[in-house]
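**Q** after the sequence you'll find the predicted model.
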Amino acid sequence: MMPTFVVEADGGSRGNPGPAGYGAAVIDAATGQTLAETAEYIGVATNNVAEYKGLIAGLRAAHAIAPDATIRVRMDSKLVVEQMSGRWKIKHPDMKPLAAEARGVFPPSAVTYQWIPREKNKHADRLANEAMDAGRRGEQWEPSTSAAGGSGRPAQDDEARVVGDAAAGAAKARAALVGGRTAPAPAAAADAGTAAGTAAPPVGWGASADLGAPTTFVLLRHGETALTPEKRFSGSGGSDPELSPAGLRQAEAVAAALAARGTIQEVVTSPLRRCRQTAGAVADRLGLDVRVEEDLRETDFGAWEGLTFAEVQERYPDDLTSWLSSTKTAPTGGGESFATVARRVTAARDRLLAGSSGRTVLVVSHVTPIKTLVRLALGAPPESLFRMELSAASLSAMAYYADGKSSVRLLNDTAHLRP
């Protein structure tokens, strides 16, 4: 009877791209025993590359034990699971050869893929973190004393376990599998909580050197509309214009640039049409879904919608002066103040941080929400909103750490738009 194995795999990058590693475990589906563990520090790479390499290593470890096995792959990478299942296209050039290598280990009909939440992939996550920790020390990964590693499954004793170079111990694993031995539970299981995040560079002079993987927001202002070059107020209370031909070209240019970087794991957008079009161009290139976040919409500029600054100054001079002097003042005709926008943008930020911890999220939005996120990350006063420039289709980026600190890494980058 052909055995059935579960392969749990994960990969991580401390910087994305940054120092990276992967981990994988092969588990007997019938008994829950861990048959093999493998992990490796792979130098500087992206999260996605590390995840694919973890998948390949896990499949090879399973193949070394039983080439005729049926494999159930479980990963918390939605991208890898959907691409390997054939539901998403693989467009990034770095991913295509890795996916092909993974498909070549077992016959495709012998392997199925399942996405699992991160908290259910702690075994592989721990191994990936151990590999990255070893790489930071200039060492090769070696197995810890516990094979369970937070997976909740019984581990085999050291004689029967495959660790490190999976092929070297495959015979022992096969013998254990055939013999049906059940090992006693380890005396001291590893604390799975210590593997929940990955290390990040220190922030500030006195910060801890191990704050966990930051959550990174890549902030993308939408491409141009017909109103953009005329510098007209275009908020959430106006006509909801679509991208102009120039804006569509900008969206394709930024999509190509982000695909080349290979770091985006999620795409979130304002509900307004110009943002959804821009986000869609990027998501199509990356093979990702787009999630709409209502609170990322632009300010409602009230009666100023569609007007230029000069026209507002001519028609509503006193209101404009008040608006420029205080972020608590709303535009004429029932629009939103910047203070009101800041409250909903802060709520959106907090929801994204809670739901996408340790991941790199593309946030497609508008001038005011993006400036607000930058201001909040810097701890700058509200008046700083009037002292930033954000071009159409520009990129900014910031990182959020587990201790509550944040750092701005990029602001108003338009290099991808240059010929």
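**A** Ah, there it is.

**Q** low-confidence ranges, the chain, go.
**A** Scanning the chain for pLDDT under 70 picks out 144-212.

**Q** the strands in it, which residues?
**A** Assigned by DSSP state E, the strands in the chain fall at 4-13, 18-28, 34-45, 70-75, 111-115, 215-221, 266-269, 290-292, 360-365, 395-400, 406-413.

**Q** put together a markdown table for those, with mean neighbour count and distance to Ala64 on each row.
**A** Every residue, glycine included, has its C-beta placed from N, CA and C. Listed next are those as a markdown table, based on neighbours: other Cβ atoms under 10 Å; distance: least, Cβ to Cβ, whole Å:
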| stretch | mean neighbour count | distance to Ala64 |
| --- | --- | --- |
| strand 4-13 | 27 | 11 |
| strand 18-28 | 28 | 9 |
| strand 34-45 | 24 | 8 |
| strand 70-75 | 22 | 13 |
| strand 111-115 | 17 | 15 |
| strand 215-221 | 25 | 36 |
| strand 266-269 | 23 | 34 |
| strand 290-292 | 16 | 39 |
| strand 360-365 | 26 | 33 |
| strand 395-400 | 22 | 39 |
| strand 406-413 | 16 | 41 |
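
**Q** which residues sit against stretch 76-90?
**A** In this structure, residues lying in contact with stretch 76-90 by Cβ atoms under 8 Å, 6 or more residues apart in numbering are 10-11, 47-48, 51-52, 55, 73, 75, 95-96, 99, 102-103, 111-118, 120-121, 125, 265, 287-288.

**Q** please compute how far that stretch lies from its chain's middle.
**A** Mean C-alpha position of stretch 76-90 versus that of the full chain (Cα atoms, centre = their mean, to the nearest Å) differs by 14 Å.

**Q** in a markdown table, list the strands of the chain along with distance to Ser244.
**A** Output for the strands of the chain, formatted as a markdown table (distance: least, Cβ to Cβ, whole Å):
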| stretch | distance to Ser244 |
| --- | --- |
| strand 4-13 | 36 |
| strand 18-28 | 37 |
| strand 34-45 | 38 |
| strand 70-75 | 40 |
| strand 111-115 | 38 |
| strand 215-221 | 14 |
| strand 266-269 | 18 |
| strand 290-292 | 21 |
| strand 360-365 | 17 |
| strand 395-400 | 19 |
| strand 406-413 | 20 |
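
**Q** any idea which of those strands gets closest to Leu376?
**A** Nearest to Leu376, of all the strands of the chain, is strand 406-413, at 7.8 Å by Cβ to Cβ.

**Q** for Asp76, the count of nearby residues, please.
**A** Per other Cβ atoms under 10 Å, the neighbour tally for Asp76 reads 20.

**Q** backbone dihedrals for it, both of them.
**A** With angles defined as degrees, to the nearest 10, Asp76 sits at phi -100, psi 10.

**Q** residues contacting Ala257?
**A** Per Cβ under 8 Å, 6+ apart, neighbours of Ala257: 395, 415-416.

**Q** hmm, Asp28 is touching Leu35, no?
**A** Yes: here Asp28 lies in contact with Leu35, judged by Cβ atoms under 8 Å, at a distance of 5.6 Å.

**Q** just the helices in the stretch 101-250 of the chain please.
**A** For the stretch 101-250 of the chain, the helices defined by DSSP state H, counting those that start in this stretch cover 122-136, 170-179, 245-261.

**Q** pick the most buried one from those.
**A** Ranked by mean neighbour count, those are led by helix 122-136 with a mean of 25 (mean count of other Cβ atoms under 10 Å).

**Q** got the CA positions of that helix in CSV?
**A** Extracted C-alpha coordinates of helix 122-136, given in CSV (Å, rounded to 0.1, in the frame of the first residue of the first chain):
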residue,chain,number,x,y,z
LYS,A,122,4.3,26.5,13.2
HIS,A,123,6.5,23.4,12.7
ALA,A,124,7.8,24.6,9.3
ASP,A,125,7.9,28.2,10.5
ARG,A,126,10.1,27.1,13.4
LEU,A,127,12.5,25.3,11.1
ALA,A,128,12.8,28.3,8.7
ASN,A,129,13.5,30.6,11.7
GLU,A,130,16.2,28.2,13.0
ALA,A,131,17.8,28.2,9.6
MET,A,132,17.8,32.0,9.4
ASP,A,133,19.2,32.2,12.9
ALA,A,134,22.0,29.8,12.0
GLY,A,135,22.8,31.8,8.9
ARG,A,136,23.0,35.0,11.0
